[in-house]
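**Student:** Fold the following and give me the result.
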Amino acid sequence: MLSNGKTVPIPKYVLSPAPKTDPRQCVLDPNNPATWRPCRPFWGGTNLVWWDVFAIPSGLRAPTQTNPNNVIPGYFKMRSRFMDFPGLYVLHCHILIHEDRGMMFSVEVGKPKPILERTDTGCFLIAEVFGARKMIYVKDEDGLYTADPKKDANAAHIARISVQELLARDLDDLIVERAVLDLMLSARNIKEIQFVNGLKPGQLTAALDGEPVGTVIFNAGAARGAQV
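**Tutor:** Residues are numbered from 1 along each chain as shown. Here you go, the predicted model:
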C-alpha cells in the first residue's frame, strides 16, 4: 500500500478490527462469510504505482470453528485502461505450465464486438509477436470441414482455403476461433495456419516438413503482395 508517498508493506486484510493500522484495510473474519469479499476501496487518491508484473499473494490460513485447516486462497484483481493504442493484445502468465492450464487470454481494445478469450487466439498472437510465418495447430480432427464431422456424416473435408473465402462462407462450425481468422487479415508475419490431427502419428512431422496434410488456411491478400 502507499503511505505518505512511499510503498509500505501493509497487510490488505486483518482478522479483527484491532490490528488495523490503515483505514484502507479490511477485516476478514474467518467465521463470518459476509466478510469474505474483495477489499474496496484499497487504493486511495491518485498517487498510483505502475506495475507490469504481479505476484499472486499466498493463501491466508484462517481456521474456523468447523474447519481448523481453513485456507482463504490468495488472488488479485487487475483493471487496465487502454487509451492510446487500440488493437489486440495478449495477457499471460510468465510461467509456461500456468499458460498451458489457461492463464493466457487476449484483449481487444477499441472495437465493441467481443473476442473469445481462449488459447487459439492467444497462441496466434504469441506466434505473431515472435515473427513466425506459419502457425500449426494440433487438434483431434483431420482439419476443417463444412460441418461438424462428429455430428454430420455428409461433412466434407476442406484441405486448403483462403481466410477471405472462409469468412465469406460463414460456416456454423469452425476448427479454430473466429477471432484468429480476423487476426490473419491484419497479421504482419503469419501468412497461413495449418491444422493437423495429433491423434494420427506422423501428421505433425509431415506438416513441419511442409506437406499439405490436414487443412491449410492462408491469407490470399498477403500471398498476392508477397515479393519473390
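**Student:** make it CA atoms for all contacts and neighbour counts henceforth
**Tutor:** Noted.
**Student:** so who does residue 180 touch?
**Tutor:** For residue 180, the contact set (C-alpha atoms under 8 Å, 6 or more residues apart in numbering) comprises 120-121, 124.
**Student:** beta partners of the closest residue in space to residue 192 that isn't next to it in sequence?
**Tutor:** Nearest residue to residue 192 in three dimensions, chain neighbours excluded: residue 218, at 4.1 Å (C-alpha to C-alpha, 6 or more residues apart in numbering). Note on residue 218: beta-bridge partners by DSSP bridges are residue 162, residue 192.
**Student:** Which secondary structure element is home to the residue positioned nearest the centre of the chain?
**Tutor:** Closest residue to the average C-alpha location of the chain: residue 105 at 0.9 Å, with C-alpha atoms, centre = their mean. Using DSSP states H and E, the element containing residue 105 is strand 104-109.
**Student:** Show residues contacting the helix or strand just after that strand.
**Tutor:** The element immediately downstream of strand 104-109 (helix or strand, assigned by DSSP H and E) is helix 119-130. Contact with helix 119-130 is made by 89-90, 102, 104-106, 135, 176-177, 179-180, 187-190, as judged by C-alpha under 8 Å, 6+ apart.
**Student:** now stretch 197-216
**Tutor:** Applying C-alpha under 8 Å, 6+ apart, the contact partners of stretch 197-216 are 136, 138-144, 158-161, 192-196.
**Student:** circling back: I'd like to know which of the contacts of helix 119-130 are part of strands.
**Tutor:** Among the contacts of helix 119-130, the ones falling in strands (DSSP state E) are 89-90, 104-106, 135.
**Student:** Out of the residues you listed, which end up buried?
**Tutor:** Buried subset of the ones in strands among the contacts of helix 119-130 (neighbour count, 16 or more other C-alpha atoms under 10 Å): 89-90, 104-106, 135.
**Student:** what are the C-alpha coordinates of stretch 140-151, in CSV please?
**Tutor:** Extracted in CSV, the C-alpha atoms of stretch 140-151 (Å, rounded to 0.1, in the frame of the first residue of the first chain):
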residue,chain,number,x,y,z
ASP,A,140,-8.2,-34.0,-32.5
GLU,A,141,-9.7,-33.6,-36.0
ASP,A,142,-8.3,-34.1,-39.5
GLY,A,143,-8.8,-30.4,-40.2
LEU,A,144,-11.6,-28.1,-41.3
TYR,A,145,-14.9,-29.4,-42.5
THR,A,146,-18.0,-27.9,-44.0
ALA,A,147,-19.8,-29.0,-40.8
ASP,A,148,-19.0,-30.8,-37.6
PRO,A,149,-17.9,-34.3,-38.8
LYS,A,150,-18.9,-35.8,-35.4
LYS,A,151,-22.5,-34.8,-36.0
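**Student:** would you list every one of the strands in this structure?
**Tutor:** Using DSSP E, strands in the chain cover 2-3, 6-7, 13-14, 26-27, 60-61, 71-72, 87-92, 104-109, 134-139, 144-145, 157-158, 160-162, 192-197, 215-218.
**Student:** from what I can see residue 222 touches residue 191, true?
**Tutor:** Yes. Counting by C-alpha atoms under 8 Å, residue 191 is a contact partner of residue 222 at 6.5 Å.
**Student:** More neighbours: which of those two?
**Tutor:** Between residue 222 and residue 191, residue 191 has the larger neighbour count (other C-alpha atoms under 10 Å), namely 22 against 18.
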